[in-house]
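In: how would this look folded up:
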Amino acid sequence: MASTNDLKNGMVLKLDGDQLWSVVEFQHVKPGKGPAFVRTKLKNVLSGKIVDKTFNAGTKVETATVDRRDMQFSYMDGDYFVFMDMQTFDQLHIDRKTVGDAANFLIEGFDATVAQHEGQVLYVELPAAVELVIKHTEPGVQGDRSTGGSKPAELETGHSIQVPLFITTGEKIKVDTRSGEYLGRVNS
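Out: Now for the predicted structure:
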């Protein structure tokens with residue numbers, strides 16, 4: 001148990017029965033009159049749904065113990081992603097639904113954070129940016145426009161993103177794993 005005064009970003013709470021909610025944002029509010037309260041933005045760990053919830057200051061909330069481990073993606077086994085704990089060398093099979101959008105940017109050897117609660121895998125989190133090679137993209141044609149254009153490019157993972165016209169097949173680029181946006185070239 002913790003008090004709403006102890007909330008921190010990333011903390012996982014157990015609310016509404018056994019649902020797990022991660023604290024995205026919180027703000028302590030002390031109005032001129034009336035009791036203080038805590039305004040939070042919570043994200044459901046399993047569904048990804050985000051809700052706003054207000055608690056009275058000092059209210060007790062149940063916290064959940066979430067075990068976050070750094071693991072390395074080893075290989076695909078059918079529809080399962082196999083991750084290895086680099087300290088114990090234990091392997092963990094995680095289904096595609098749980099891996100979610102992170103699957104678009106995973107290649108063998110990439111490190112990821114795997115979060116578990118009571119033996120159940122909650123989510124897989126990649127670093128904010130990863131470096132990937134462009135598998136295929138059409139040559140950029142400069143036309144009559146006033147701003148820089150973009151074109152689709154297929155990454156080595158098979159996922160497609162928009163890149164600037166000057167990017168060519170075989171180049172290594174940096175990609176934001178949260179938004180899927182092109183961040184820049186990687187100089188080898």
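In: For the spatially most central residue of the chain, give me phi and psi.
Out: Centroid-nearest residue in the chain: Glu125, 4.5 Å away (criterion: C-alpha atoms, centre = their mean). Main-chain dihedrals, Glu125, degrees, to the nearest 10: phi -120, psi 120.
In: pretty sure it is touching Thr113, no?
Out: Yes: using C-beta atoms under 8 Å, Glu125 is in contact with Thr113, at 4.4 Å. Placement of C-beta: from N, CA and C, glycine included.
In: give me the low-pLDDT residue ranges for the protein?
Out: 140-148, 188 (pLDDT under 70).
In: re earlier: next up, the contacts around the residue nearest to the centre of the chain.
Out: Listed by C-beta atoms under 8 Å, 6 or more residues apart in numbering, the contact partners of Glu125 are 102, 112-115.
In: Please apply the same query to Ala112.
Out: 70-73, 83, 102, 106, 124-127.
In: Can you name every helix or strand that whatever helix or strand Val133 lives in contacts?
Out: Remark: Val133 resides in strand 129-137, with elements defined by DSSP states H and E. Contact partners of strand 129-137 among helices and strands, from 3 or more C-beta pairs under 8 Å, 6 or more residues apart in numbering; DSSP states H and E: strand 150-155, strand 172-176.
In: between those, which gets nearest to Lys53?
Out: Closest of these to Lys53 is strand 172-176, at 28.3 Å (criterion: C-beta to C-beta).
In: just the angle between that closest one and strand 150-155, please?
Out: Angle of strand 172-176 versus strand 150-155, following axes from the mean of the first three to the mean of the last three C-alpha atoms, to 10 degrees, is 100 degrees.
In: ok, then the element right after strand 172-176?
Out: Counting by DSSP H and E, what follows strand 172-176 is strand 182-185.
In: which residues are contacting that following strand?
Out: 129, 150, 161-164, 167, 171-176.
In: hey, where'd the helices end up in the chain?
Out: 96-99 (DSSP state H).
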